[in-house]
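K.L.:
I would like to see how this sequence folds:
(2 chains, ligands or ions: 2)
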Amino acid sequence: MTAQNSNSAVLQIRQLDAWFGQHHAVHGVSLEIEPKTVTAIIGPSGCGKSTFIRCLNRLHEEVPSARASGQVWLENQDIYASDVDPVRIRRKIGMVFQKPNPFPAMSIFDNVAAGLKLSGIRRRSVLREVVERSLRNAALWEEVKDKLTAPGTSLSGGQQQRLCIARALAVQPPVLLMDEPTSALDPISTAKIEELIQELKREVTIVIVTHNMQQAARISDKTAFFLMGDLVEFGDTSTVFTVPKEERTERYITGKFG
Amino acid sequence: MNSVQLHEYMSRTHQRRKWVDRWMSGLLFLAALAALVPLFSVLGYVIWNGAGYLNWDFFSKLPKPVGENGGGMANALAGTCTLVATASLIGVPWGVAAGVFLSEYGDGKLGTIVRFATDMLASVPSIVIGLFVYTLVVVPMGGFSAMAGGVALAIIMIPIVARSTEEIVRLVPVHIREAGLALGVSRWKVILRIVLRGCVSGITTGVMLAVARVAGETAPLLLTSLNNQYWNLGITGPIASLPVQIYSYAISPFDEWHGLAWAGALLLVLMVFVVNVLARLVFGTGGSGRD
Ligand SMILES: Nc1ncnc2c1ncn2[C@@H]1O[C@H](COP(=O)(O)OP(=O)(O)OP(=O)(O)O)[C@@H](O)[C@H]1O
Ligand SMILES: [Mg+2]
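P.N.:
Ligands and ions are numbered 1, 2, ... in the order given. Modelled structure (predicted):
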């Protein structure tokens, strides 16, 4: 594909549809994500938020019977073009999941180094440097620097989630997807991760799914509101939360449904 | 029914329940005892008959020719180890590969067929496997061999290892696999380097149980590795093994050989027992197999 990306957006989503078997979970969504911004995806449970962001790194299609169609442009390339290898795309688009999921039977160090090691980088000095930088970026370095060989699963939930962020950052993806990264965490860990997101956005573009309105309002620049598979509204967070264009958005934000 | 009557009624049923409860506990205790009796009587009997012969000679000496006293089963012990090692070398990678296939791609038609075939293989009588290896390995190779014995035991191990591996690998949650995929790791690398890594202790347990199972197999060995009164050399010749040696001593007319057979049986039981206990211990220390 050679068509050019005309504007500054880092991700351009055009007419994205996603299915689980016969179930049409995302309906022709189009939106553009600016570099180094935080975009919050909000909407009631089951409206297709997870499905949508899992389409952005082509993880959706790993579910049996799931498929997607449409275009997602990343760096002048449609990641849904037929000649694109999803494995390479996923190195450019990191992901953090709802439940912290460090790799079992791997040390903290190995968890962070996994992405590099498994793509063939063996040099100890390189790995050490990347692990330290990633853990610092994930605001976890001070807490784990003396126990890098301890199992990743021995950390607390909040620490595990930051470990997963460090693991995703280690391969230096320009885009980071986060699917409710704080919903399994206590308020203090949540605050830490929110703070971290503010730091990270200097370097990376973040798309975050959240059920927490305050969180969306606090940390995001743009907000997309989904309802039953449709993108209802997308705009600056301040606008969406104060003077939404759609009545449905307003009703959701003010807690009238969902 | 007024409240006094109700109270009386309840205390009566309470009495009855207590009584029934006591009886049922007693019955359960007896049932548990009944389950343990066969194991402990076998163990006790083997110890009673064999312990006296389980001395240093037993572990260090070759069998003596008919008519001479003494001798041991050193070659049979070494032979069993060789056979089990050969079987593991073939059967473990094969079984693990089959198990991983079943857990990762086993939901389709091919998976169903493979799973069914594995279950069938697990229930094929071991003498039939011996016969199969006899025609497939012993005849073409021109004689009985440790190799043939190892192949027969490996075929018995494969379904055991495959099914236990499948179960263990299936326990690794989807979100771990997805985390690997999301890092830009290819599917087979995710399986090999991330999923299996967390399963090492579980798979080891399955392998050890399979080893314990085949260590005592006799029937297939009679048709494949036969026996040997001397130290065996290499895996291309016949080889002694504890079960076959026990068998040939047990059917002999000599009292001393009977004693040695009991000692061999005791050793075999102890080995299987130790491997079983070790297997549970390995799995007990963190099922997820931490580093
Ligand atoms: N693995 C699956 N198989 C079939 N249908 C699925 C699957 N996962 C999700 N769905 C369906 O797709 C729709 C969208 O689900 P999705 O997980 O994207 O919702 P969500 O907005 O992330 O919800 P939540 O806020 O609860 O996480 C739902 O109707 C759901 O039932
Ligand atoms: Mg979701």
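
K.L.:
now do the same contact list for the residue nearest in space to the middle of chain A.
P.N.:
Chain A has A:L177 as the residue nearest its centroid, 1.0 Å off, counting by C-alpha atoms, centre = their mean. A:L177 sits next to A:53-54, A:56-57, A:93-96, A:206-208 when contact means C-beta atoms under 8 Å, 6 or more residues apart in numbering or on different chains. For every residue, glycine as well, the C-beta is placed using N, CA and C.

K.L.:
outside of stretch B:95-114, which residues touch it?
P.N.:
A:64, B:115, B:118, B:157-170, B:191, B:196, B:203, B:207, B:210.

K.L.:
near ligand 1, which of those residues show up?
P.N.:
Among the contacts of stretch B:95-114, no residue lies close to ligand 1 (C-beta under 6 Å from any ligand atom).

K.L.:
kindly give a single PyMOL line that selects the buried subset of those.
P.N.:
Buried members of these, defined by 16 or more other C-beta atoms under 10 Å in any protein chain shown, are picked up in PyMOL with:
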select buried, chain B and resi 115+118+157+158+159+160+161+162+163+164+165+166+168+169+191+196+203+207+210
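
K.L.:
can you tell me which of the contacts of stretch B:95-114 are in helices?
P.N.:
Under the assignment DSSP state H, the contacts of stretch B:95-114 contribute B:115, B:118, B:157-170, B:203, B:207, B:210 to helices.

K.L.:
so for the strand or helix carrying B:S88, mean pLDDT?
P.N.:
B:S88 belongs to helix B:74-105 when assigned by DSSP states H and E. Averaging pLDDT along helix B:74-105 gives 95.

K.L.:
again, but for stretch A:56-64
P.N.:
94.

K.L.:
quick one: residues in contact with it.
P.N.:
Applying C-beta under 8 Å, 6+ apart, the contact partners of stretch A:56-64 are A:11, A:13, A:18, A:20, A:51, A:54, A:66-68, A:72, A:79-80, A:86, A:89-90, A:93-95, A:175, A:177, A:207, B:107, B:178, B:181-182.

K.L.:
could you rerun that using 6 Å?
P.N.:
For stretch A:56-64, the surrounding residues in contact (C-beta atoms under 6 Å, 6 or more residues apart in numbering or on different chains) are A:18, A:54, A:66, A:68, A:72, A:86, A:89-90, A:93, A:95, A:177, B:181-182.

K.L.:
same question, stretch B:128-141
P.N.:
With C-beta under 6 Å, 6+ apart, stretch B:128-141 has contacts from B:144, B:148, B:151-152, B:155, B:219-220, B:223-224.

K.L.:
one more pass at 8 Å, please.
P.N.:
Contacts of stretch B:128-141 (C-beta under 8 Å, 6+ apart): B:144-145, B:147-148, B:151-152, B:155-156, B:219-224, B:236.

K.L.:
alpha carbons of stretch B:149-163, in PDB - could you do that?
P.N.:
Provided in PDB are the C-alpha atoms of stretch B:149-163 (Å, rounded to 0.1, in the frame of the first residue of the first chain):
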ATOM      1  CA  GLY B 149      12.700 -52.500  24.600                       C
ATOM      2  CA  GLY B 150      13.100 -48.700  24.800                       C
ATOM      3  CA  VAL B 151      10.900 -48.200  21.800                       C
ATOM      4  CA  ALA B 152       8.200 -50.400  23.300                       C
ATOM      5  CA  LEU B 153       8.300 -48.500  26.600                       C
ATOM      6  CA  ALA B 154       8.300 -45.200  24.700                       C
ATOM      7  CA  ILE B 155       5.100 -46.100  22.900                       C
ATOM      8  CA  ILE B 156       3.500 -46.800  26.300                       C
ATOM      9  CA  MET B 157       4.800 -43.400  27.700                       C
ATOM     10  CA  ILE B 158       3.600 -41.300  24.800                       C
ATOM     11  CA  PRO B 159      -0.100 -41.200  25.600                       C
ATOM     12  CA  ILE B 160       0.500 -40.700  29.300                       C
ATOM     13  CA  VAL B 161       2.900 -37.800  28.700                       C
ATOM     14  CA  ALA B 162       0.700 -36.400  25.900                       C
ATOM     15  CA  ARG B 163      -2.500 -36.200  28.000                       C
END
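
K.L.:
same for the helix or strand hosting B:F29, what does it pack against?
P.N.:
B:F29 belongs to helix B:3-50 when assigned by DSSP H and E. Helix B:3-50 sits against helix B:255-284, with contacts defined as 3 or more C-beta pairs under 8 Å, 6 or more residues apart in numbering or on different chains; DSSP states H and E.

K.L.:
could you list the low-pLDDT ranges of the chain?
P.N.:
You didn't pick a chain, so chain A it is. A:1-7, A:257-258 (pLDDT under 70).

K.L.:
not quite, go with chain B.
P.N.:
For chain B (pLDDT under 70), the answer is B:1, B:284-291.

K.L.:
distance check, the residue nearest the centre of it against ligand 1.
P.N.:
What sits nearest the mean C-alpha location of chain B, by C-alpha atoms, centre = their mean, is B:R213, with 2.3 Å. B:R213 sits at a distance of 38 Å from ligand 1 (criterion: C-beta to the nearest ligand atom, to the nearest Å).

K.L.:
same check on A:L163?
P.N.:
22 Å.

K.L.:
residues in contact with that residue?
P.N.:
If you count contacts by C-beta under 8 Å, 6+ apart, then A:L163 has A:100, A:102, A:108, A:111-112, A:135, A:138, A:140, A:144, A:152, A:155 around it.

K.L.:
run the last query once more with 6 Å
P.N.:
Counting by C-beta under 6 Å, 6+ apart, A:L163 has contacts A:102, A:111, A:152.

K.L.:
what do you get for A:I206?
P.N.:
A:38, A:176 are the contacts of A:I206 under C-beta under 6 Å, 6+ apart.

K.L.:
for it, which three-state class applies?
P.N.:
strand (DSSP: H, G, I helix; E, B strand; the rest coil).

K.L.:
for residue 52, which non-adjacent residue is closest in space?
P.N.:
Assuming you mean chain A. Distances taken as C-beta to C-beta, 6 or more residues apart in numbering or on different chains place A:V26 nearest to A:F52, at 5.2 Å, with adjacent residues excluded.

K.L.:
right idea, wrong chain: chain B
P.N.:
B:G259 is the one closest to B:G52 (C-beta to C-beta, 6+ apart), at 6.8 Å.
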